[in-house]
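**Student:** sequence plus the predicted model coming up.
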There are 2 protein chains.
Amino acid sequence: MPDVLPTYADCQAAAARIAGAIVRTPLLENVALGQRLGGRVFLKPENLQRTGSFKIRGALNRMLQIPPDLRGQGVVAFSSGNHAQGVAAAAALLGMPATIVMPADAPRIKRENTRALGAAIVDYDRAREDREAVAARVLAEKGGTLIKPFDDAAIVAGQGTIGLEIAADAAAAGAYLDAVLAPCSGGGLVSGIALAMAGASPGTKVLSVEPAGYDGMRLSLAAGQRTAAHVSTISIADCLMAPMPGEIPFALARRHLSGALSIDDDALRRAVSYAVFALKLVVEPGGSAALAALLSGVYPLNGKTVAVVLSGGNCDPETLSACCTAFPAP
Amino acid sequence: MPDVLPTYADCQAAAARIAGAIVRTPLLENVALGQRLGGRVFLKPENLQRTGSFKIRGALNRMLQIPPDLRGQGVVAFSSGNHAQGVAAAAALLGMPATIVMPADAPRIKRENTRALGAAIVDYDRAREDREAVAARVLAEKGGTLIKPFDDAAIVAGQGTIGLEIAADAAAAGAYLDAVLAPCSGGGLVSGIALAMAGASPGTKVLSVEPAGYDGMRLSLAAGQRTAAHVSTISIADCLMAPMPGEIPFALARRHLSGALSIDDDALRRAVSYAVFALKLVVEPGGSAALAALLSGVYPLNGKTVAVVLSGGNCDPETLSACCTAFPAP
């Protein structure tokens, strides 16, 4: 159990800290999708966030708390791409140098965007090197502050601002949310949202959705302790390939998560295609995990009112095209 | 000059009339696009509207004013696709039968969606038949109310609600808009927005953007009277192929429009691709005309603050894929 868990007040403080620098993404009801599935569906499109994913929220909340005298040394992060862009964009906003340790096989769009945001990239081989060890080596050489992708109280509180916005916008729309579904990798996003909803809309259930084979949150909750998934294949959801939740996300998830679902890669591909043709949104495979749970029936709607977090849209053209070709009919 | 032009008060009344049945689309600043072009750019994503385009606003405002004793006879419309879906969705909401006269070569997604919304479709041959004559024949046979695509005061006032939302949301964001750019076919959208902005944000310029070869608004404003474009080719912007503005849109445009621009099909293709990869939004070629004017430099940003209307996202997969393949780099 980690020493310090973030609180609801930390989410509120994060919201005040990052306001103005992030996009206050809307909560959009999609009537056609609700009618199709039998219920009401709201979308939280974090693919429309700066850098194309939610990650800048946590990164900026964390980095704004680095003492001014340490900012000059910059930041170091390891990431397959979305956290990389979030950290790079936050660093650019704060005028700090950033070095990102990225797998050599990360989607091209994520590498190019990270570089375009002014960050230095250090490659590693996903199969043969440990990214945390590579990051530690960079830190030892250059100094600076490590910005972890999810196992950090300030990161989780920053992602929790999404939950605050969902709760406020649903209330403004006169809707009572039965549940919020969010994609899950290391669990920073879904545990932050669960923390925020527990304070802002206590009756709303929050559920995580992971790719099959990377469903460490599901296994961990079932076992009552952090448990790694038996990773044997590469998922199309490149942003959701953490085998196990972080300590802080897991501690929060045990308290606040109502369930943990998993879906297969074809459900992700189908959801990417549906998002393009029916929602008019570009969502990357991992970013569409919660939508996939709904469309595939893994989470049956049954008349309920739910919000679905679309967590990112940084998809290479080839992947987008392949999903749309494989599943052309919405 | 038409007898009755819609007023600013008509736009406000339309907003009250259709609220709750439409999506209150957000106004999203895109910092990366602003930095790229040198200025501030806000997006009004009407591709996220119900039916995937703005058209339901005007259709619903018009149809809510049909006297109850005439509603049972239903409505008839002619449209290449977006107005068709808007009318079909509004008719479904009001429990009215709808018959839509559509060109046989309309994008498949638009035909399928119109049928899925419960409307009956009557085909016509774009090259050999006059759609207004076909619609008149349907009306003579079946009765009902004709819902014109743009040359109707209630339709224009309904589209003007977009301007009211843009003005309110820009003010809430503390931004002063130098200009609003919107796609133009028959001019219902852009003239409605110009009318609304003249009341809500009088210093903001409103400009229309048309495909080359279908730039009837530009020619009409230059000539001081409604003038048809010399249509010689098919544009990729299937939703913007009206050769000439309507009487009501033109009368409003003369008073309230600050300029009329035109762009070529490759600029549209490039904008569709940019929307996918950088904005994470699916925008159809015609819906991206205003964005294309900005990206191509046809409208130089020069430090200004502008809002760009993305008017629709009903794009067949083949078209989307072709645009992204032809212009892969954002």
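**Tutor:** Noted; the coordinates are in hand.

**Student:** residues near whichever residue of the stretch 51-200 of chain A sits closest to chain B, how many?
**Tutor:** Taking C-beta to the nearest C-beta as the measure, the point where the stretch 51-200 of chain A comes nearest chain B is A:Gly52, at 5.7 Å. All C-beta atoms are positioned from the backbone trio N, CA, C, and that covers glycine. Using other C-beta atoms under 10 Å in any protein chain shown, A:Gly52 has 32 neighbouring residues.

**Student:** over to A:Ala170?
**Tutor:** Count around A:Ala170 with other C-beta under 10 Å applied: 23.

**Student:** same deal with A:Pro107?
**Tutor:** For A:Pro107, using other C-beta under 10 Å, the count is 21.

**Student:** one step back: contacts only, for the residue of the stretch 51-200 of chain A closest to chain B.
**Tutor:** Contact partners of A:Gly52, counting by C-beta atoms under 8 Å, 6 or more residues apart in numbering or on different chains, are A:Asn82, A:Gln85, A:Asn113, A:Gly312, A:Gly313, A:Asn314, B:Lys280.

**Student:** which of those residues has the weakest pLDDT?
**Tutor:** Minimum pLDDT across the contacts of A:Gly52 is recorded for A:Asn113, with 89.

**Student:** which secondary structure element contains the closest residue to that one other than its chain neighbours?
**Tutor:** Sequence neighbours aside, A:Gln85 is the residue nearest to A:Asn113 in space, at 5.2 Å (criterion: C-beta to C-beta, 6 or more residues apart in numbering or on different chains). Assigned by DSSP states H and E, A:Gln85 belongs to helix A:82-94.

**Student:** which residues sit against the following helix or strand past that helix?
**Tutor:** As assigned by DSSP H and E, the chain's next helix or strand after helix A:82-94 is strand A:98-103. Under the criterion C-beta under 8 Å, 6+ apart, residues A:74-81, A:84, A:87-88, A:91-92, A:110-111, A:114, A:118-126, A:131, A:134-135, A:138, A:142, A:144 lie in contact with strand A:98-103.

**Student:** I'd like to know how far A:Cys324 sits from chain B.
**Tutor:** Going from A:Cys324 to chain B by C-beta to the nearest C-beta, to the nearest Å gives 5 Å.

**Student:** tell me where the stretch 151-300 of chain A has helices.
**Tutor:** Taking DSSP state H, counting those that start in this stretch as the criterion, the stretch 151-300 of chain A carries its helices at A:153-172, A:188-200, A:216-223, A:247-256, A:265-274, A:289-295.

**Student:** so what's the closest residue to chain B within the stretch 151-300 of chain A closest to, chain neighbours aside?
**Tutor:** The nearest approach of the stretch 151-300 of chain A to chain B comes at A:Lys280, 3.5 Å away (C-beta to the nearest C-beta). Nearest residue to A:Lys280, sequence neighbours excluded (C-beta to C-beta, 6+ apart): B:Gly313, at 3.5 Å.

**Student:** what's the local residue count around that neighbour?
**Tutor:** B:Gly313 - counted by other C-beta under 10 Å - has 30 other residues nearby.

**Student:** so what's it up against?
**Tutor:** With C-beta under 8 Å, 6+ apart, B:Gly313 has these contacts: A:Lys280, B:Asn47, B:Leu48, B:Gly52, B:Ser53, B:Leu281, B:Val282, B:Val283, B:Glu284, B:Gly287.

**Student:** tabulate the helices of the stretch 151-300 of chain A (a markdown table), appending distance to chain B and mean pLDDT.
**Tutor:** A markdown table is the format used below for these (distance: least, C-beta to the nearest C-beta, whole Å; pLDDT from 0 to 100):
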| stretch | distance to chain B | mean pLDDT |
| --- | --- | --- |
| helix A:153-172 | 10 | 98 |
| helix A:188-200 | 17 | 98 |
| helix A:216-223 | 26 | 97 |
| helix A:247-256 | 25 | 98 |
| helix A:265-274 | 8 | 96 |
| helix A:289-295 | 14 | 98 |
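
**Student:** domain parsing for chain A?
**Tutor:** A:8-53+A:153-326, A:56-146 (automatic domain parsing).

**Student:** how far does the last one stretch from one end to the other?
**Tutor:** Pointing back at domain A:56-146 there. 15 Å (C-alpha to C-alpha, to the nearest Å).

**Student:** okay, now A:Pro249: neighbour count?
**Tutor:** 35.

**Student:** check contacts around it.
**Tutor:** Here A:Pro249 is in contact with A:Phe150, A:Asp151, A:Val156, A:Gly186, A:Gly187, A:Gly188, A:Val190, A:Ser191, A:Met217 (criterion: C-beta under 8 Å, 6+ apart).

**Student:** one more time with 6 Å
**Tutor:** A:Phe150, A:Gly187, A:Gly188, A:Ser191 (C-beta atoms under 6 Å, 6 or more residues apart in numbering or on different chains).

**Student:** same deal with A:Phe78?
**Tutor:** By C-beta under 6 Å, 6+ apart, the neighbours of A:Phe78 are A:Val101, A:Arg131, A:Ala135.

**Student:** so it bridges to which residues?
**Tutor:** Per DSSP bridges, the residues bridged to A:Phe78 are A:Val101.

**Student:** mind pulling up the pLDDT for it?
**Tutor:** Value for A:Phe78, per-residue pLDDT: 90.

**Student:** one more: A:Glu141?
**Tutor:** A:Glu141 is given a pLDDT of 91.

**Student:** quick one: it and A:Thr99, what's the gap?
**Tutor:** Look at A:Glu141 and A:Thr99: by C-beta to C-beta, to the nearest Å, they are 10 Å apart.

**Student:** same thing with A:Leu33?
**Tutor:** Applying C-beta to C-beta to A:Leu33 and A:Thr99 gives a distance of 41 Å.

**Student:** for A:Val190, same thing?
**Tutor:** Counting by C-beta to C-beta - A:Val190 and A:Thr99 are separated by 28 Å.

**Student:** the more surrounded of the two?
**Tutor:** Between A:Val190 and A:Thr99, counted using other C-beta under 10 Å, the more crowded position is A:Val190 (36 against 22).

**Student:** that one contacts A:Cys184, correct?
**Tutor:** Yes: between A:Val190 and A:Cys184 there is a contact at 4.6 Å, judged by C-beta atoms under 6 Å.

**Student:** find the nearest non-adjacent residue to A:Pro149, please.
**Tutor:** In space, A:Pro149 is closest to A:His83, 4.4 Å off (C-beta to C-beta, 6+ apart).

**Student:** what is the neighbour count of the residue of the stretch 151-300 of chain A closest to chain B?
**Tutor:** Residues near A:Lys280, counting by other C-beta under 10 Å: 25.

**Student:** same deal with A:Leu64?
**Tutor:** 17.

**Student:** please name the nearest non-neighbouring residue to it.
**Tutor:** A:Arg17 (5.3 Å).

**Student:** near chain B, which residues of chain A?
**Tutor:** Selection of chain A residues close to chain B by C-beta under 6 Å from any C-beta of the partner chain yields A:Pro26, A:Asn47, A:Leu48, A:Gly52, A:Val276, A:Lys280, A:Val282, A:Gly313, A:Pro317, A:Ser321, A:Cys324, A:Pro328.
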